[in-house]
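Engineer: Fold the following, please.
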Amino acid sequence: MKFSKVKSALLGGAFLAATAVNAISVDNNLFEGFWYRTDVDGGRGWSFDFIKTGPEKGLMFVAGYVYDDAGNPFWLVGTDEVLAGESILDFDLLTVTGGHFSDATSRTNNVFAAMRVDVNNCQSMSVDITDISSDLVAQTEVSFELHPFDEITGTLRDSGVCPYQTTFTACPSFASASTQAKTCIISGTLTGDVTLTNDTNWVLQGGVFVGEDGGTTGHLTIEPGTRILGVTGNDFLAVQRGSKIFAEGTANAPIVFTGPLNASDESAGAGNWGGLVISGKAPLNICAQGVPFDQCEDVGEGSSGNFGGDQPHDSSGVLKYVRVQFGGFRINDEDELNGIALQGVGDGTVIDYIQVHANEDDGVEAYGGTVNMKHVVLTNIKDDSLDWTHGWNGKVQYLLVKQDADAASDKERGIEADNYELNNDAAPRSQPMIANATFIGADSDNKTTTGMVLRRGTGANFTNIIVTGFEKCLDIDSDATFAAAGTPGNLSGSLTMENTVISCAKDFEEEDGDAFTIQSFFAAQTGNIVADPALDNIYPTAATPTNMPMDAERWGAFFDKVDYVGAFNSKAHAWTNGWTEFLD
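Structural biologist: As a prediction, the model looks like this:
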């Protein structure tokens, strides 16, 4: 009987409408090349070639060099659409006779058989060919293993660049089995050392907590190429204070947190599941003066855990080459989950190469703490792309914010920045340092979008920034923000902006009663220009302003000292290549 793809399944009472959930993602070029049979002689092998056709999908082509019963060689070919998280492929194998490039109508495609390929790992594929209907061979079905072949060295291909090294056998003790292939369900609290392997798709059921705040800690390791799915809005992953996450993907095998639908499904979108929350022990500014930092804490949205403390260098682990998409479930008007919530996270945490896409609430929000970030992509966020409050004092370099008209809303802001809503002068004052950022707004009718809103006493230091495409580029609000900044001719250093290019329908949002005009603040500082940044989509061109060197003394060891404005030096060497989606 011919194979057909599994379209859906029931998981613990929740409907998982994923079109392909088979664990290993073959929606890339890691499995391209020649694979051969070791059980027979005669050079019987198969070639695989992948062509990307959209976010998280593409076409896999297969061609096999086989023999008929008389010993004559012939070719079989087939094509299957591949979706992210899919490791079981189904091909209709064809023999092709006649035809030439200028006249496809003279070609005849003959159905030979059905072929199912189960990708076990980087070094093994299990193949079943059934429904053979040809007078070339007497067999009606055949099964065999394939192994990769290096056509240059003539040996087994080195798997060092391919992270999928193990074959799924069963769900571990901390998880339960799903009705779908190679899929495990996790719930409750994970303590001790736990690893989410990339031979399995992991489904979150409810709030899944790593460790217990004030109790047993957990260390969660996630292998490159692993997919973690939330099925409902109440599904999220929350790392508690004192516990750690080690999610280290690679450029060709990022770790993906996503909802129940593949990105190619038109129903996939913001709010399909919860999000990722990390809580740490770094300081907050929300408590009354004189309260020690170790006694100052807050509770995360969605009951995601307590956070805050007196350890600015606290480590919550590593996020590297991680994509979080289609999250941000709205619990109520005041309680929504962010794509990535960084709650009191310390600067011992490593965050590098992360993307949040299509989140219902904010993309990344920092609630106090000192956490730093590099190589950050925030796309199609429904609320604020980067948000901070509670006295965040971190650093960011290489940040891309990009919206489109469909995602734009009246709330959309590239940055929404607060010190603390209930005490605008609370200490420590929010004062992140942000370099090499590109903010691209959406051209959307009847939407009030703003590149940056700096308010409620926040400080910040910006350099080498592009803000373009929003209705308004720059807005400074709240008396405390102006007072802390100083005056355009005598800035305190709390709020600065240099080497910045802005171009919006309205560049500055001037309001009656402000201590000084935003335009005067902008014009008083080095390298600031009101001009079209001349971008090619998200990338600079020869016409984009450059030669804007950073002050090496002021911008310390964390920052690469570059002289270009925006997130990228060039399109050809963009750091987004390979691991991001949705940038076209």
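Engineer: Quick check: phi and psi on the residue most central in space within the chain?
Structural biologist: With the centre of the chain defined as its mean C-alpha position, the nearest residue by CA atoms, centre = their mean is residue 323, 1.5 Å away. Backbone torsions for residue 323, taken as degrees, to the nearest 10, come to phi -120, psi 130.
Engineer: Quick check: it touching residue 359?
Structural biologist: No - the pair formed by residue 323 and residue 359 falls short of the contact definition of CB atoms under 8 Å, at 11.6 Å. C-betas here are computed from N, CA, C, even on glycine.
Engineer: in this structure, which spans are helices?
Structural biologist: Along the chain, the segments classed as helices by DSSP state H run 479-485, 518-523.
Engineer: any chance of those in TSV, with mean neighbour count and mean pLDDT too?
Structural biologist: As requested, those are exported to TSV (neighbours: other CB atoms under 10 Å; pLDDT from 0 to 100):
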stretch	mean neighbour count	mean pLDDT
helix 479-485	19	98
helix 518-523	18	98
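Engineer: roughly how far apart are residue 366 and residue 54?
Structural biologist: 32 Å (CB to CB, to the nearest Å).
Engineer: Between these two, which is the more surrounded one?
Structural biologist: For residue 366 and residue 54, the more surrounded residue by other CB atoms under 10 Å is residue 366, and the numbers stand at 30 against 13.
Engineer: Next, the contact list for the more buried one, please.
Structural biologist: If you count contacts by CB atoms under 8 Å, 6 or more residues apart in numbering, residue 366 has them with 342, 345, 387, 388, 389, 390, 392, 394, 432.
Engineer: Ok, residue 394 next?
Structural biologist: Taking CB under 8 Å, 6+ apart as the criterion, residue 394 is in contact with 347, 366, 369, 370, 371, 372, 373, 432, 433.
Engineer: can you pick the most crowded of those residues?
Structural biologist: Tallying neighbours with other CB under 10 Å puts residue 369 at the head of these, with 33 neighbours.
Engineer: Residue 133 and residue 111 touch, don't they?
Structural biologist: Yes - applying CB under 8 Å as the test, residue 133 and residue 111 come out as touching, 6.9 Å apart.
Engineer: quick one: the residue nearest to the centre of the chain from residue 276, how far?
Structural biologist: When CB to CB is applied, the distance between residue 323 and residue 276 equals 11 Å.
Engineer: got it, and residue 185?
Structural biologist: Using CB to CB, residue 185 is found at 18 Å from residue 276.
Engineer: between those two, which one's more packed in?
Structural biologist: Set side by side, residue 185 and residue 276 show unequal neighbour counts under other CB under 10 Å, the larger going to residue 276 at 27 against 22.
Engineer: OK, contacts around the residue lying closest to the more buried one once chain neighbours are set aside?
Structural biologist: Leaving aside its sequence neighbours, residue 276 sits nearest to residue 340 (CB to CB, 6 or more residues apart in numbering; 5.0 Å). For residue 340, the contacting residues are 275, 276, 277, 278, 319, 324, 354, 356, 363, 364, 365, by CB under 8 Å, 6+ apart.
Engineer: Show me which of those is closest to residue 526.
Structural biologist: For the contacts of residue 340, the closest approach to residue 526 (CB to CB) belongs to residue 364, at 28.2 Å.
Engineer: How many neighbouring residues does that closest one have?
Structural biologist: Here the count is done by other CB under 10 Å, and residue 364 has 27 residues near it.
Engineer: The one 4 residues further on now?
Structural biologist: For residue 368, the neighbour count with other CB under 10 Å is 32.
Engineer: Okay, residue 99 and residue 210: tell me how far apart.
Structural biologist: Residue 99 sits 57 Å away from residue 210, taking CB to CB as the criterion.
Engineer: Appreciated, that's everything.
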